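**Student:** Predicted model and sequence below, questions to follow.
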Amino acid sequence: MEKLIISDQQFLEKLNLSHVEFIFNAIDQNRKFLRKWLPFVDFTHKIADTERFVSSILEKTVSVRDEVYVIWYKHEFAGLIGFKDIDRINDKIEIGYWLVEKMTGKGIATAATRKMVNLAFRNMEMNRIQIRCGVGNEKSSAIPRRLGFTFEGVERNGERHNRSYIDLEIFSLLKREWAETLF
C-alpha cells in the first residue's frame, strides 16, 4: 500500500478495494452536505455503487488510470483526492478532491492538495495542474487561491449536476510558477 505522509496527523493512501466501505459510509452520512457540489452523490445509493466506482479506477491500466488517494486525518476517513484527466502528451493534469463535512476548515484539503501538486511536478514531471470548482463553492476555490494558482476564468455549464448544469471556475499552476515558490 502506498502512503504519502503529510504530517504526523495526516496521510494519503492509494485507493484500493478495502476503502469501499469507508467511502460509501462517508457519502451516505454526508449526503446533504456533499450533494450540493458533487453530482455522483445522487448515483451512490448502495455499497455496490461505490465498489463499482473503485473497481472502475483500479481495472484501468496504470498508464491511463486516475490516481486516487484516500485522505486520512487522525486515522479517520476525511475524503478523497486524486489526479484525473492525466495528459502525458501535454504534461498536464487535474486535481479533484472532496471532504466530509466534519473535516472541513482544518486545512486538510489544502495540505493534501499541496502534497499532490508536489508529486505531480517532482515525480510525474507535469508542466500544468488544473483545479475546477463549482462557481459559488468558496471553500473549494479557496484551496487553489491559497496555493498560488491563477484564476483563468469560468467554464460555462462545465458540469452536469442534478437536472441542470453548473459553471466551473478554472485555476491553474505551472511548473515554473511552482519552482519560484517555497511550496
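**Tutor:** Right, received. Where do you want to start? In this text the structure is predicted, and so the values were computed from the model without any measurement.

**Student:** Show me where the protein has its strands.
**Tutor:** 3-5, 10-14, 67-73, 76-87, 92-99, 128-134, 150-161, 164-174 (DSSP state E).

**Student:** Contacts only, for the nearest residue to residue 47 once chain neighbours are set aside.
**Tutor:** Leaving aside its sequence neighbours, residue 47 sits nearest to residue 24 (Cβ to Cβ, 6 or more residues apart in numbering; 4.6 Å). C-beta coordinates here come from the backbone N, C-alpha and C atoms, glycine included. Going by Cβ atoms under 8 Å, 6 or more residues apart in numbering, residue 24 touches 44, 46, 47, 49, 50.

**Student:** Show me the shaky parts of this structure.
**Tutor:** In the predicted model, the chain carries pLDDT under 70 at residues 1, 182-183.

**Student:** bridging residues for the nearest residue to residue 106 once chain neighbours are set aside?
**Tutor:** Leaving aside its sequence neighbours, residue 106 sits nearest to residue 73 (Cβ to Cβ, 6+ apart; 7.2 Å). The partner list for residue 73 in beta bridges (DSSP bridges) reads residue 10, residue 76.

**Student:** Residue 73 and residue 103: what is the separation?
**Tutor:** Residue 73 sits 6 Å away from residue 103, going by Cβ to Cβ, to the nearest Å.

**Student:** ditto for residue 35
**Tutor:** Distance, residue 35 to residue 103, by Cβ to Cβ: 17 Å.

**Student:** Looking at those two, which has the bigger crowd around it?
**Tutor:** More neighbours surround residue 103 than the other of residue 35 and residue 103, with 20 against 16 (other Cβ atoms under 10 Å).
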